[in-house]
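Q: build the 3D model from these lines:
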Amino acid sequence: MAAILGGGLGGLSTAYYLLRTNVAKSNNLKLFLLEATNCCGGWIKSIKTKDYIFEQGPRTIRPKGITGVNTLNMIEDLGLSEHVAPITAEHPAAKNRMIYVNQNLYHLPSSFKGIFQKNLPFSKPLVYALFYDISQPHKPLQDDSIYNFAERRFGKEIADYAIAPMICGICAGDAKEISVKFLMKTLFEWEQTHGGVVKGMMKSMFSPKSGDDIEFSNLAKRAQEEKWNVYTIKGGLETFPATLHDHLKQNNVDINLNTKIKELQFVDHNTVLLKNCSNELFTASHVYSTIPSHALAKLVEKQHPELAQELCDIPFVTVGIVNLYFSTDTPLVSPAFGFLVPPIENSPILGVVFDSFCIPDQKGTVLTVMLGGKWFKEKFGEDVTEQKLYDVAIHEIGTILNITQKPTVHHVNILPKCIPQYVIGHYERVEKIRDYIHNNNLPMSLVGSSYDGVGINDVIYSAKKQVEEDCT
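A: As a prediction, this is how the structure comes out:
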């Protein structure tokens, strides 16, 4: 019997792949999933009305790469293909992405032609960054921050105005702390192996291509042919985990809501006792932990304090989300995905998403303001209220977007410790954690955003790879 800790996308995906393996091998593996709250889906939550959709967490998914194709394959298997709403490469939400610098909004280049043109706030065309890379000396390193790497290879402007805000948008983090391996592992390897990014890129063009073989579903083929940039699910992204939850229930996965585990007791290499807050015991032959690493640490610290400490050393940040709906006939913003604010601007907000253009079936103007992240405590203190976040959001969109009218409806949510930070040394720490589990013969596997990537695609693919590894 396998136990899955956590009913977020990681836990649901783990059950999905275990079920597929179970069906394929016909070994009748019993599965039960334990979720501490009253619903599954984790941070993916959608508020839907006839006029608008408020996304509390992620809102779009990227279709590119092996992990993107893998997610599309799952979506098709769940029967959700007709509910997918794509944004193609030519859509305004794909082409128009902005940053807010020196009290102005600037469009980032969105085409190959654009890198040869001067685009403020950059003082030179972005192609000059490649010449800068060629002229820089090689610096041997085991790891580095993505900010330092970008500044060293491409210049300070690229680091400040392209990389730093991008990290804010992806993980609400500080690019000066996040590992270069988080997003630019290949570029970093090119630098370390060949002395520079351009040199490595040139040599890679003549190297044999390698990679995982993955089958393309019809939906994945369509995404490739139609050049999707991102996509979402009609009716709100929460439809995805909700459908996955229903699929598991229909296939006899035992899903237990409002079941918070307070301790794991490892009896031997194939027996784990899971004690809940009522001191009831669940017995499993293997545990898949998909809960945040800091939450897992509390469950194992009695028997394995060293493991608990390593798990606790993975930092997380808190993000404030303010959703705004303006009932207007004319849009209050121009068609775009939205804008991000570089940390050097010292703003209380990370950026604003123009949901009116990113999510289908929206009326009026719908915006989502993201606040805090790495700087949440610094900007708002220990006891911030939802009203304070709302007031800040309204002030910022008034200043930046010149929106003076009050929203018709708003919703504020504080997401505590919602995004792990892959700081310098993260991947070595995760390897050390997994080595400890292996060397101590603990019947436990780790899945999810704490370890193998923070995006939706990463979490799903993490579940797939872990289940495949355990079943071989």
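
Q: quick check, residue 54 in contact with residue 411.
A: Yes: using C-beta atoms under 8 Å, residue 54 is in contact with residue 411, at 5.2 Å. Every C-beta, even on glycine, is put in place using the N, C-alpha and C of the backbone.

Q: of these two, who's got more company?
A: residue 54 (24 against 17; other C-beta atoms under 10 Å).

Q: the more buried one in helix, strand or coil?
A: Assigned with DSSP: H, G, I helix; E, B strand; the rest coil, residue 54 falls in the strand class.

Q: residues in contact with both of residue 54 and residue 411, list them for me.
A: Residues touching both residue 54 and residue 411 by C-beta atoms under 8 Å, 6 or more residues apart in numbering: 47, 323.

Q: wait, residue 343 touches residue 169, no?
A: No: using C-beta under 8 Å as the test, residue 343 is too far from residue 169 to be in contact (11.7 Å).

Q: does residue 411 have beta-bridge partners, and which?
A: residue 323 (DSSP bridges).

Q: report the contact partners of it.
A: Shown in contact with residue 411 (C-beta under 8 Å, 6+ apart): 47, 54, 56, 322, 323.

Q: quick one: it and residue 337, what's the gap?
A: 20 Å (C-beta to C-beta, to the nearest Å).

Q: and for residue 77?
A: As judged by C-beta to C-beta, residue 77 and residue 337 stand 29 Å apart.

Q: so which of those two has more stuff around it?
A: The residue with more neighbours, out of residue 77 and residue 337, is residue 337; 25 against 15, by other C-beta under 10 Å.

Q: where does residue 116 fall, phi/psi-wise?
A: Dihedral angles phi and psi of residue 116 (degrees, to the nearest 10) take the values phi -100, psi 0.

Q: could you pull out the strands for the stretch 101-250 of the chain?
A: Per DSSP state E, counting those that start in this stretch, the stretch 101-250 of the chain has strands spanning 104-107, 228-233. These are given in chain order.

Q: out of those strands, deepest packed?
A: Across the strands of the stretch 101-250 of the chain, averaging neighbours per residue (mean count of other C-beta atoms under 10 Å) puts strand 228-233 on top, at a mean of 22.

Q: now do it: everything it contacts.
A: By C-beta under 8 Å, 6+ apart, strand 228-233 touches 59-63, 80, 83-89, 91, 93-94, 223, 239-240, 358-360.

Q: now, of these, which are buried?
A: 59-63, 80, 84, 86-87, 91, 93-94, 223, 239-240, 358-359 (16 or more other C-beta atoms under 10 Å).

Q: in strands, which of the residues you listed fall?
A: By the criterion of DSSP state E, membership of these in strands covers 84, 86, 87.

Q: let's have the contacts of residue 411 in JSON lines, adding pLDDT and distance to residue 102.
A: Listed next are the contacts of residue 411 as JSON lines, based on pLDDT from 0 to 100; distance: C-beta to C-beta, whole Å:
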{"residue": "47", "pLDDT": "94", "distance to residue 102": "35"}
{"residue": "54", "pLDDT": "96", "distance to residue 102": "31"}
{"residue": "56", "pLDDT": "93", "distance to residue 102": "31"}
{"residue": "322", "pLDDT": "98", "distance to residue 102": "24"}
{"residue": "323", "pLDDT": "98", "distance to residue 102": "28"}
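
Q: tell me who's in contact with residue 338.
A: Residue 338 sits in contact with 97, 98, 351, 352, 353, 354, 358, 367, 368, where contact means C-beta under 8 Å, 6+ apart.

Q: could you rerun that using 10 Å?
A: Contact analysis of residue 338 by C-beta atoms under 10 Å, 6 or more residues apart in numbering lists 93, 96-98, 169, 351-358, 367-370.

Q: for residue 388, same thing?
A: Residue 388 neighbours (C-beta under 10 Å, 6+ apart): 320, 348, 371, 379, 380, 381, 412.

Q: please apply the same query to residue 398.
A: Contacts were defined as C-beta under 10 Å, 6+ apart; by that measure residue 398 touches 404, 405.

Q: please give the element, helix or strand, for it.
A: helix 386-401 (DSSP states H and E).

Q: same thing with residue 445?
A: Going by DSSP H and E, residue 445 is part of strand 444-446.
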